[in-house]
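A.B. asks: Got a sequence here, can you model it:
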Amino acid sequence: MSRNSRPHRLHNNRRWRRIARHQLKIEPLCRFCRDEGRVEPAVIVDHVVPHNGDITLFWTGELQSLCRDHHEGKKQRLERRGYDTSVGLDGWPIDPRHPANNPANKPVPMRRG
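C.D. replies: Down below sits the predicted model:
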């Protein structure tokens with residue numbers, strides 16, 4: 001993100017820093033780590049739905065607190081792909097948006113006889 005880009009200017013202002021401090025105060029642990037059963041301090045405030053430069057969504061969108069690893073890894077992969085690749089205990093993807101959960105992609109049982 002260039003220093004003169006709009007997202008940089010939005011994140012580098014007093015109002016955003018105040019909002020980010022408040023978010024980290026009310027949710028001090030990484031949300032993704034929590035969902036995985038781990039405890040890790042959050043250091044980054046992230047928009048749940050990417051704002052993509054939309055000023056209204058930037059200021060009013062839902063926020064979450066994340067550790068650096070999840071923000072720069074899992075969250076960015078999720079945004080690029082459009083779905084989460086995490087799997088459940090059965091080995092099947094848990095995100096309903098995952099291509100494997102599309103009925104057209106489900107394996108068809110073989111017929112015998």
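
A.B. asks: Where in the chain is the helix or strand with the lowest mean pLDDT?
C.D. replies: helix 6-11 (a mean of 68; mean pLDDT, DSSP states H and E).

A.B. asks: ok, the closest residue to N101 other than its chain neighbours - how many residues close by?
C.D. replies: Excluding its sequence neighbours, the residue lying closest to N101 (Cβ to Cβ, 6 or more residues apart in numbering) is P93, at 5.9 Å. In short, each C-beta sits where N, CA and C put it, glycine included. When neighbours are counted by other Cβ atoms under 10 Å, P93 registers 17.

A.B. asks: Regarding P93, what are the backbone dihedral angles?
C.D. replies: Backbone torsions for P93, taken as degrees, to the nearest 10, come to phi -60, psi 140.

A.B. asks: how about the strands in the protein?
C.D. replies: For the chain, the strands defined by DSSP state E cover 44-47, 63-66.
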